[in-house]
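Visitor: how would this look folded up:
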Amino acid sequence: MPPGKLPLAKKIGWGVGGLVENFMSNGIVLLALPIFNIGLGVNAVWLGWALALPRLIDAFLDPVIGNISDNTRSRWGRRRPYVFIGGMACALFFALVWLPPLGWSQTAVFTYFAVMSFCYYLSLSLFSVPYNALGIELTEDYTERTNVQAWRFFFISISGIAVAWIYKLSFHPFFTGGAEGPSGHPEVIGVRGVAVCTALLIMLAALVPFFMSRESAASQKQQKITLWPALRMTFTNKAFLLLSTLIIVALLGTFMVEPFALYIGIYHVFDGNKEMAATMAGWIGVAKNAGSILAIPVISWIAARIGKKNTLFVGQGLLAVSFLSSWVCFTPAAPWLMVVPFVFLAPGLTCFMIMGGSMLGDVCDQDELEHGMRREGMFGAAAGFVGKFAFSLVTVLNGYLLAFAGFDPQLPAQSGATVLSLRLMFVFVPLALLAASLVLTLWFPIGKRRAAEIRAALNARPKPALHSSTNDLTS
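Guide: Model prediction:
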């Protein structure tokens, strides 16, 4: 096998962990507002803060987890112990989030959700920071890094089909038991059984990368580094800052408004019928994730030929087409047209998801050339910090944007002005942020040629002595 190439089983084994990330990251986002806002009547602004504050606190913990992972020395490696522990905790708290006692006041339900959200996101960090660092260090090959990330996104897309149906399944009599639910919302009962089944799947998926992935033994012998020097080295790396910002800005534009598609579906396309909108949301999820799966080999092929930066430009263009087309396709005259924007959204997001992890590996190479050590845990955690900080803002803005649009969960129908506001935000908010992402991408300094030069320099220089000492690097 050529140097840097990985056995297929190893790439698949690591990629399965994407199931955990997707169920945890998107499950709560897709269900929080429909279950707690529409179903239980909790204020959308409150829910925004309940989602944002735990993620904000958690964001500051990510670099700590990354540094601990970089400095861990165990018979299981630096990453795998946390992949196991974090994966089991993810399963537990995913189930608990959706189990508030019925009959509690809105304030009590809000408090329960806020506490469980914090535990939920902390568990996800404990899993995802070491898991993503493990994926970055599996190979040194420029193109193979893209292939490794492609397998992760393949499993993210597979699970995305299931995640898209979680809300719809919450209405199914198998999970509701025929109960009407509080105030005629059976989905509040049904989501409990759905969440428990999902938690079992999360648990099983987390075990696969734990057993099937291995990191380099040499990385465990390198000198340790304490937190503050590691943070300084990471956040002064210009390539890392550019990469993190250009990806986050583009994804913010998408995720800031994507939850509004369900609201537009319920109150505009389906005239207040939640169950029909939930069914459409399920089919949209199928189309989006099937499109992602089909796009993965195409995007990997494109990136190998035109480079990773140019592939990001392709993704930005596809996302722009997606949001522009929603103005025509979100219409009660032809409800199935709602699927069309997401056909473009799928490969656009896939470009960013695959290229982000692959390009971060190139940044780690540059950092190793400068500082002489591998710090995938810290870089992955720092990227997570930037992302969570930004997405904490998004979850708060979701609630305020709904309030700004005039949305009232107590009304069976929303005003024309409210629906118009939601539709306008769905188009123009992401377009503005995509334009900013495009400019930042132009400035990113590591293209295919530069990555090859960095790798050649690393391969040519004398190998540094390995340190088995537990003394930390403190300057």
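Visitor: how many other residues sit next to the residue lying closest to residue 412 once chain neighbours are set aside?
Guide: Among residues not flanking residue 412 along the chain, residue 272 sits closest, at 5.5 Å (Cβ to Cβ, 6 or more residues apart in numbering). From N, CA and C alone the C-beta is placed, and that goes for glycine too. Neighbours of residue 272 under the rule other Cβ atoms under 10 Å: 13.
Visitor: ditto for residue 108
Guide: Residues near residue 108, counting by other Cβ under 10 Å: 12.
Visitor: and if you look at residue 150?
Guide: 22.
Visitor: isn't it right up against residue 354?
Guide: Yes: contact criterion Cβ atoms under 8 Å: residue 150 and residue 354 qualify, at 5.4 Å.
Visitor: what touches both of these two?
Guide: 296, 299-300 (Cβ atoms under 8 Å, 6 or more residues apart in numbering).
Visitor: now, which of those residues lie within strands?
Guide: Members of those lying in strands (criterion: DSSP state E): none.
Visitor: will you turn these into JSON lines that also has neighbour count and distance to residue 134?
Guide: What follows is the shared contacts of residue 150 and residue 354, written out as JSON lines (neighbours: other Cβ atoms under 10 Å; distance: Cβ to Cβ, whole Å):
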{"residue": "296", "neighbour count": "23", "distance to residue 134": "20"}
{"residue": "299", "neighbour count": "23", "distance to residue 134": "22"}
{"residue": "300", "neighbour count": "21", "distance to residue 134": "20"}
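Visitor: Turn those residues into JSON lines, including pLDDT.
Guide: Shown next, in JSON lines, are those (pLDDT from 0 to 100):
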{"residue": "296", "pLDDT": "89"}
{"residue": "299", "pLDDT": "92"}
{"residue": "300", "pLDDT": "90"}
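Visitor: Of these, which belong to helices?
Guide: 296, 299-300 (DSSP state H).
Visitor: which ones are touching residue 297?
Guide: residue 150.
Visitor: Same check on the one 3 residues further on?
Guide: Counting by Cβ under 8 Å, 6+ apart, residue 300 makes contact with 146-147, 150, 354.
Visitor: try 6 Å
Guide: 146-147, 150 (Cβ atoms under 6 Å, 6 or more residues apart in numbering).
Visitor: from those, which single one is nearest residue 437?
Guide: residue 146 (19.4 Å; Cβ to Cβ).
Visitor: ok, so what distance separates the closest one from residue 136?
Guide: Counting by Cβ to Cβ, to the nearest Å, the gap from residue 146 to residue 136 is 12 Å.
Visitor: same thing with residue 432?
Guide: 31 Å.
Visitor: Who has more neighbours out of these two?
Guide: A side-by-side neighbour count of residue 432 and residue 136, using other Cβ under 10 Å, places residue 136 first with 24 against 10.
Visitor: Wait, that one touches residue 374, no?
Guide: No: the criterion here is Cβ atoms under 6 Å, and residue 136 misses it with residue 374 at 8.9 Å.
Visitor: contacting residues around stretch 271-285?
Guide: 161, 164-165, 167-168, 171, 262, 265-266, 270, 338-339, 342, 412-413.
Visitor: quick one: it to chain centroid distance?
Guide: Mean C-alpha position of stretch 271-285 versus that of the full chain (Cα atoms, centre = their mean, to the nearest Å) differs by 23 Å.
Visitor: Dump the C-alpha coordinates for it into PDB.
Guide: Provided in PDB are the C-alpha atoms of stretch 271-285 (Å, rounded to 0.1, in the frame of the first residue of the first chain):
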ATOM      1  CA  ASP A 271     -51.500  26.000   6.200                       C
ATOM      2  CA  GLY A 272     -50.800  25.100   9.900                       C
ATOM      3  CA  ASN A 273     -50.800  21.300   9.500                       C
ATOM      4  CA  LYS A 274     -47.800  20.200  11.600                       C
ATOM      5  CA  GLU A 275     -47.900  16.500  10.700                       C
ATOM      6  CA  MET A 276     -47.900  17.200   6.900                       C
ATOM      7  CA  ALA A 277     -45.000  19.600   7.400                       C
ATOM      8  CA  ALA A 278     -43.200  16.900   9.600                       C
ATOM      9  CA  THR A 279     -43.700  14.400   6.700                       C
ATOM     10  CA  MET A 280     -42.200  16.900   4.300                       C
ATOM     11  CA  ALA A 281     -39.300  17.600   6.600                       C
ATOM     12  CA  GLY A 282     -38.600  13.800   6.600                       C
ATOM     13  CA  TRP A 283     -38.500  13.700   2.800                       C
ATOM     14  CA  ILE A 284     -36.400  16.800   2.700                       C
ATOM     15  CA  GLY A 285     -34.000  15.000   5.000                       C
END
